[in-house]
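Engineer: The following block contains a protein sequence and its predicted model.
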Amino acid sequence: MRRRRQVEQEGANGYYHLMSRTVNGEALFGDREREVLRKMIWQVAEFSGVRVVTYAVMKNHFHLLVEVSGVESAISDKELVRRYQILYPGPTPWQGMSPEVFRSHLAEGTREGQDMRASLIRRMNDVSEMMKTLKQRFSLWYNRSHERFGPLWSDRFKSVLVEGDRWALRTVAAYIDLNAVRAGLVEDPKDYRFCGYGEAIGGGKLARQGLAVIEKDLAGYRQTLYGAGSEERLDKVSISREEALRVLEEEKGKLPLAVVLRCRVRYFTDGMILGSPDFVERQLKHSPDDRKRARKPHAMKGAEWSGLSVGTGLRKNLFG
């Protein structure tokens, strides 16, 4: 089956918006399932050496905004064992070596230990390997917990390369943290405990560290989430999808950014690259050959995006 190719390279540096959905989009995740997946996200990210900027776990899908720093070939044995223990605190059917045994193999310089080390290093700082590990581990837990078998996720995850510019990151992060608002689960993103912003407001250290990549004190980030920088404006920026489409398509107008981010925008999920025109153009030069139709940046439409562009020709059907 021919699929849209991902733009990321194995182990490539950069920021990525990642998204994966359940089979047939079924709403399979209640509070317990979302909490388990939330914890697994942090565990797998730490094992992988990938920084989670923010995330959102929903009833039938999840989003991640992550930072990949590059291959860690010089990682110490001590650090490697520490990360190994995060995922494999004891022997499992799919990984029979305990952390203590792995530590001994590394100390003795055995062939088995070196092979294991090389295998683990290949899984570090790589979004494909991270998502594979995360989705497999959660699938095993979910199927076992629900006496279920078969695939849980529908196909491969989606990936959008995001420029490391503060504005681009802030916009994508806000779109992710507003998932629960778009779904009508909460009126305020701070009240949704399965997203990075909600966890950060609740005192989550890792979530605060992730969002600090964008804003050190979250004040500027709130401006994107709420509009004019005040939570009191939240009720004033809500708008229906139908009204948004009317303004954009019939009136050929633009909407405030805070309004558009409360709609499902295809730029963030079906785009390939997102950032300034120069960034998108540079990245497109290295994209797969089957994407020649997308060899130039396209300015994002429908809102005041402050110069952001995407690497695909999403000229129609802006809203999903």
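Structural biologist: Looks like it arrived, so ask away.

Engineer: hey, let's count contacts and neighbours off CA atoms from now on
Structural biologist: Noted.

Engineer: Starting from the helix or strand of the chain with the lowest mean pLDDT, tell me the next helix or strand along the chain.
Structural biologist: Within the chain, no helix or strand scores below helix 241-245, which has a mean of 60 by mean pLDDT, DSSP states H and E. Next in sequence after helix 241-245, counting helices and strands by DSSP states H and E, comes helix 257-260.

Engineer: which strands and helices sit next to that following helix?
Structural biologist: helix 219-226 (3 or more Cα pairs under 8 Å, 6 or more residues apart in numbering; DSSP states H and E).

Engineer: Name the SS class of residue 66, please.
Structural biologist: Put simply, residue 66 is strand when judged by DSSP: H, G, I helix; E, B strand; the rest coil.

Engineer: residue contacts, the closest residue to it other than its chain neighbours?
Structural biologist: Distance criterion Cα to Cα, 6 or more residues apart in numbering; nearest residue to residue 66, sequence neighbours excluded, is residue 52 at 4.5 Å. The contact partners of residue 52, by Cα atoms under 8 Å, 6 or more residues apart in numbering, come to 42, 45, 64-67, 207, 210.

Engineer: Give me the distance between residue 52 and residue 61.
Structural biologist: Per Cα to Cα, to the nearest Å, residue 52 is found 17 Å from residue 61.

Engineer: got the contacts of residue 52 as JSON lines, with pLDDT columns?
Structural biologist: Converted to JSON lines, the contacts of residue 52 look like this (pLDDT from 0 to 100):
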{"residue": "42", "pLDDT": "98"}
{"residue": "45", "pLDDT": "97"}
{"residue": "64", "pLDDT": "98"}
{"residue": "65", "pLDDT": "98"}
{"residue": "66", "pLDDT": "97"}
{"residue": "67", "pLDDT": "96"}
{"residue": "207", "pLDDT": "96"}
{"residue": "210", "pLDDT": "96"}
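
Engineer: Tell me the one of these nearest residue 133?
Structural biologist: Residue 133 has its nearest neighbour among the contacts of residue 52 in residue 45, at 9.7 Å by Cα to Cα.

Engineer: tell me which element that closest one is part of?
Structural biologist: helix 31-48.

Engineer: Check which helices and strands that helix sits against.
Structural biologist: Partner elements for helix 31-48 (3+ Cα pairs under 8 Å, 6+ apart): strand 51-57, helix 77-87, helix 127-145.

Engineer: what angle do the first one and helix 31-48 make?
Structural biologist: Relative orientation of strand 51-57 and helix 31-48, computed by axes from the mean of the first three to the mean of the last three Cα atoms, to 10 degrees: 160 degrees.
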